[in-house]
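K.L.:
Sharing a model that was predicted from the sequence below.
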Amino acid sequence: MSLDAVETRSPQKPADAVSLGLVADAYNPKSQLSTTSGDTTSGDSGGRTAVVSNGQLGFGDVAALYTSKSNSTADPAENTSTTTQSTPAKIDFSNVNASGVDQAGVGDCFFESALASVANSSGGQAAIENMIKANDDGSYTVTFPGDSSHPVTVTSNDLNANQAVVQDSAPWANIIETAFMKYDNAEQYGQGLYAWQGQGTPYLGKVEFADYALQLLTGKSAATDSLATLNSDSELTIGSASNSDVARSLTNAFKDGDAVTASTGPSSNAPGSALVSDHVYSVLSYDSTNGNVIVRNPWGSSDNPTLQNTIGASVDGMTNLGDGKLEMSLATFTSHFSDLNISGQNPAQNDLENVVADARATDQIAGQTVNDLERGQFSATGSDLSQLAAGGLQVLSDQAYATTDLIERQAITDFEAVVPVVNDVYLWASSLFS
């Protein structure tokens, strides 16, 4: 991984291999920074201060954004020395939203998009605030709702050590992303088998998919609607959901205040495409009245030249709203994304609802076909039969997905239970020869 590419925000972003090579990601092409060489020169970086020290671009002392020093002097009669104690700075949770998340040099789009989606949800502010506890020593304890028995401590040293690759614009997002890196054994925190990484994320990490990231951040199960018949991007399944299934899932999700993400496939980033391939986006809203969907790239920007600097510009039926947000029709959404992940939904129940809903719709078409035949409306019957065949295939697709989804989830659960044990054995064996 080239940190130079991250620091200069190069538009050339190599794909990262996450999730055993099945989910990939890319670097964040945030807005260009205005910098000059010298010891300390500032430039605009979306509300952050970029610092150039001896010609090296950084983001200053990150810990200074979160911690402050309070000096207390001992009794002169006893000692004239001064003691210094770190105290945690108060984090501002009053304006928690998706824009506070900006993925940079770590290939964790599956986590960052989920974090932005949680921040965007109706209970996002409370959820984010409850995850972070400021400690008296200046550190922070982050407790993920999906694994509350394993809290993570984030120190000022952690924040400083990762400032080249963790550059979220909101302090709360920086703290949580750093905590996730430690939790998932990413970057320098990966030991043994976890050191086998792609763009800073371990191939054998605890959390490798967007739906599991949603579970970690919310403590709720997450369901997936596949939008591709053969899905090998964030999961290995056969079968896809119908547009009506997706519309129902989105409507219910935003009505219930759930977080939603969507992934692209390997062919999404064709020349001139509005989307990044093998990438995960936050789904911020769905308007059931006009059928429009708004998604957000966790980079906080777009890498498409037409969209980068022009609000309102459109490519592939997607309109740039700024901050990495794109608005599109439901049909455009389902044709360009490979899957939809929804927190707060039981996977098996969601799969069954899709089967039942599409089976009912197919039954209605069958009834209409019979009516048209009885009335001698043979021209309409041809269209009915075509829809009936499509409906039948959709039900089979739903059933195939429900089956492969169940198998895949169980396989992942079993595999993730084995990895820590194997890693402990690996580290023990390595110590014998060190």
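P.N.:
All right, it came through fine. Residues are numbered from 1 along each chain as shown.
K.L.:
Strands of the stretch 201-350 of the chain, start to end?
P.N.:
Under the criterion DSSP state E, counting those that start in this stretch, the stretch 201-350 of the chain contains strands at 201-202, 222-226, 230-231, 237-238, 260-264, 280-287, 292-296, 314-315, 318-322, 325-329, 337-343.
K.L.:
The ones you listed: which one's closest to Q103?
P.N.:
Closest to Q103 of these is strand 280-287 (CB to CB; 9.6 Å). Glycine gets a C-beta too; all of them are placed from N, C-alpha and C.
K.L.:
how about the closest one: buried residues?
P.N.:
Taking 16 or more other CB atoms under 10 Å as the basis for neighbour counts, the residues of strand 280-287 that come out buried are V280, Y281, S282, V283, L284, Y286.
K.L.:
Any chance of JSON lines for these, columns pLDDT and distance to G324?
P.N.:
Supplementary listing: those in JSON lines, determined by pLDDT from 0 to 100; distance: CB to CB, whole Å:
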{"residue": "V280", "pLDDT": "94", "distance to G324": "12"}
{"residue": "Y281", "pLDDT": "96", "distance to G324": "8"}
{"residue": "S282", "pLDDT": "97", "distance to G324": "9"}
{"residue": "V283", "pLDDT": "97", "distance to G324": "13"}
{"residue": "L284", "pLDDT": "98", "distance to G324": "10"}
{"residue": "Y286", "pLDDT": "96", "distance to G324": "18"}
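K.L.:
check contacts around the residue lying closest to N320 once chain neighbours are set aside.
P.N.:
With CB to CB, 6 or more residues apart in numbering as the measure, L307 is the residue that lies nearest to N320, at 4.2 Å, once sequence neighbours are left out. Residues in contact with L307, defined by CB atoms under 8 Å, 6 or more residues apart in numbering, are A274, A313, V315, M318, N320, L326.
K.L.:
thinking again about what came up before, would you turn the strands of the stretch 201-350 of the chain into JSON lines with distance to A104?
P.N.:
Formatted as JSON lines, these follow (distance: least, CB to CB, whole Å):
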{"stretch": "strand 201-202", "distance to A104": "13"}
{"stretch": "strand 222-226", "distance to A104": "25"}
{"stretch": "strand 230-231", "distance to A104": "28"}
{"stretch": "strand 237-238", "distance to A104": "31"}
{"stretch": "strand 260-264", "distance to A104": "18"}
{"stretch": "strand 280-287", "distance to A104": "15"}
{"stretch": "strand 292-296", "distance to A104": "15"}
{"stretch": "strand 314-315", "distance to A104": "24"}
{"stretch": "strand 318-322", "distance to A104": "19"}
{"stretch": "strand 325-329", "distance to A104": "18"}
{"stretch": "strand 337-343", "distance to A104": "22"}
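K.L.:
Packed most tightly, which of these would that be?
P.N.:
Compared across these, strand 260-264 shows the largest average neighbour count, a mean of 30 (mean count of other CB atoms under 10 Å).
K.L.:
can I have that one written out in CSV, keeping just the CAs?
P.N.:
Backbone C-alpha positions of strand 260-264 (Å, rounded to 0.1, in the frame of the first residue of the first chain) are rendered in CSV as follows:
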residue,chain,number,x,y,z
VAL,A,260,-28.4,0.4,4.9
THR,A,261,-25.4,-0.2,2.6
ALA,A,262,-25.0,-1.4,-1.0
SER,A,263,-22.0,-3.0,-2.8
THR,A,264,-20.9,-2.7,-6.4
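K.L.:
elements contacting it?
P.N.:
Helices and strands in packing contact with strand 260-264 are listed as helix 109-120, helix 210-218, helix 243-256, strand 280-287, strand 337-343; criterion 3 or more CB pairs under 8 Å, 6 or more residues apart in numbering; DSSP states H and E.
K.L.:
Tell me how many other residues surround the closest residue to Y194 other than its chain neighbours.
P.N.:
Distances taken as CB to CB, 6+ apart place N185 nearest to Y194, at 3.6 Å, with adjacent residues excluded. Neighbours of N185 under the rule other CB atoms under 10 Å: 22.
K.L.:
Hmm, N185 is touching Y203, no?
P.N.:
No: using CB atoms under 8 Å, N185 and Y203 do not qualify as a contacting pair, with a distance of 10.6 Å.
K.L.:
Can you give me the domain boundaries for this structure?
P.N.:
Residue ranges for each domain of the chain read 1-70+82-344, 346-434, as given by automatic domain parsing.
K.L.:
Lowest mean pLDDT across these, which one is that?
P.N.:
Of all these, domain 346-434 carries the lowest average pLDDT, namely a mean of 68.
K.L.:
wait, isn't L227 in contact with L340?
P.N.:
Yes: using CB under 8 Å, L227 and L340 qualify as a contacting pair, with a distance of 6.3 Å.
K.L.:
if I look at the two, which residues touch both of them?
P.N.:
Residues touching both L227 and L340 (CB under 8 Å, 6+ apart) are A241, V246, A262.
K.L.:
Redo those residues as a markdown table? Include distance to P171.
P.N.:
Putting these into a markdown table (distance: CB to CB, whole Å) gives the following:
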| residue | distance to P171 |
| --- | --- |
| A241 | 38 |
| V246 | 35 |
| A262 | 27 |
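K.L.:
follow-up on the earlier one: in which helix or strand does the residue nearest to Y194 reside?
P.N.:
Using DSSP states H and E, N185 sits within no helix or strand.
K.L.:
returning to what we had before: tell me the one among the contacts of L307 nearest to V166.
P.N.:
Using CB to CB, the shortest approach to V166 within those belongs to L326, at 24.5 Å.
K.L.:
Please tell me how far that closest one sits from D92.
P.N.:
From L326 over to D92 the distance is 28 Å, taken as CB to CB, to the nearest Å.
K.L.:
Verify the stated contact: N120 with G257.
P.N.:
No: if you go by CB under 8 Å, N120 and G257 don't touch, sitting 9.9 Å apart.
K.L.:
higher neighbour count, the two?
P.N.:
Residue environment comparison for N120 versus G257 gives the larger neighbour count to N120, 23 against 14, counting by other CB under 10 Å.
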